[in-house]
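Asks: Dropping the sequence and predicted coords here.
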Amino acid sequence: NAGVTQTPKFQVLKTGQSMTLQCAQDMNHNSMYWYRQDPGMGLRLIYYSASEGTTDKGEVPNGYNVSRLNKREFSLRLESAAPSQTSVYFCASSEVLKGTSYTFGSGTRLTVV
Amino acid sequence: EDQVTQSPEALRLQEGESSSLNCSYTVSGLRGLFWYRQDPGKGPEFLFTLYSAGEEKEKERLKATLTKKESFLHITAPKPEDSATYLCAVQAGGLDSGNTPLVFGKGTRLSVIA
């Protein structure tokens, strides 16, 4: 099915470990986003890429890095995981048009112990 | 700073009991207001986009309306399968502001009891 694919779906890390969350979309969208969702906090933007070759910080970028590998793929890296990064991470994509809706992946549930 | 506030945080309805969810927003130039549905363990799923005050959109038992300060998601005669978290989001900026990311509210968790 067309859409946004995130891997892995679940991950447990120890404090200080690193990992990369992968995201790929097959809708030829220009823009891609990484959000985190925590209980009582809603969806908060970590980083986004308005188009291939550009990335910008969102509301909560500290502790994360991103790479827009090509038009399809946008990865999120945790260099040294902390318990505060325990969350559900969602990748989304959209076209660069007024009012265009986002298509979300199914999420990665990350626990840092 | 762009802000979205949703109320109530949680709502419990009997099947067939109509109600409304509220989304209040402050934004520097509204490009669009979005409603999403999110089921447990899944990503948000798009429902509606509203662009200007007075606009209304409907889908099955859901109807979204927009004023200059808030949006309502009206649920008519809900069924248990309407149980989900409903998210509101805004996209800010004028015509030349580019593709600014969506700012989301914290959501309303709706439970419909048979």
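Replies: That came in fine, so what should we check first?

Asks: Quick check: which ranges of chain A have low pLDDT?
Replies: Along chain A, segments meeting pLDDT under 70 span A:1, A:96-99.

Asks: now do chain B
Replies: Chain B contains residues with pLDDT under 70 at B:94-99.

Asks: Would you state the strands of it in chain order?
Replies: B:3-7, B:10-14, B:19-26, B:30-38, B:45-50, B:56-59, B:62-66, B:70-75, B:84-92, B:103-104, B:108-113 (DSSP state E).

Asks: now these in JSON lines, with mean neighbour count and distance to A:Asp56?
Replies: No exception for glycine: its C-beta is placed from N, CA and C like everyone else's. Formatted as JSON lines, the strands of chain B follow (neighbours: other CB atoms under 10 Å in any protein chain shown; distance: least, CB to CB, whole Å):
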{"stretch": "strand B:3-7", "mean neighbour count": "17", "distance to A:Asp56": "20"}
{"stretch": "strand B:10-14", "mean neighbour count": "13", "distance to A:Asp56": "34"}
{"stretch": "strand B:19-26", "mean neighbour count": "18", "distance to A:Asp56": "22"}
{"stretch": "strand B:30-38", "mean neighbour count": "22", "distance to A:Asp56": "17"}
{"stretch": "strand B:45-50", "mean neighbour count": "18", "distance to A:Asp56": "23"}
{"stretch": "strand B:56-59", "mean neighbour count": "12", "distance to A:Asp56": "30"}
{"stretch": "strand B:62-66", "mean neighbour count": "20", "distance to A:Asp56": "28"}
{"stretch": "strand B:70-75", "mean neighbour count": "19", "distance to A:Asp56": "27"}
{"stretch": "strand B:84-92", "mean neighbour count": "23", "distance to A:Asp56": "14"}
{"stretch": "strand B:103-104", "mean neighbour count": "22", "distance to A:Asp56": "14"}
{"stretch": "strand B:108-113", "mean neighbour count": "17", "distance to A:Asp56": "29"}
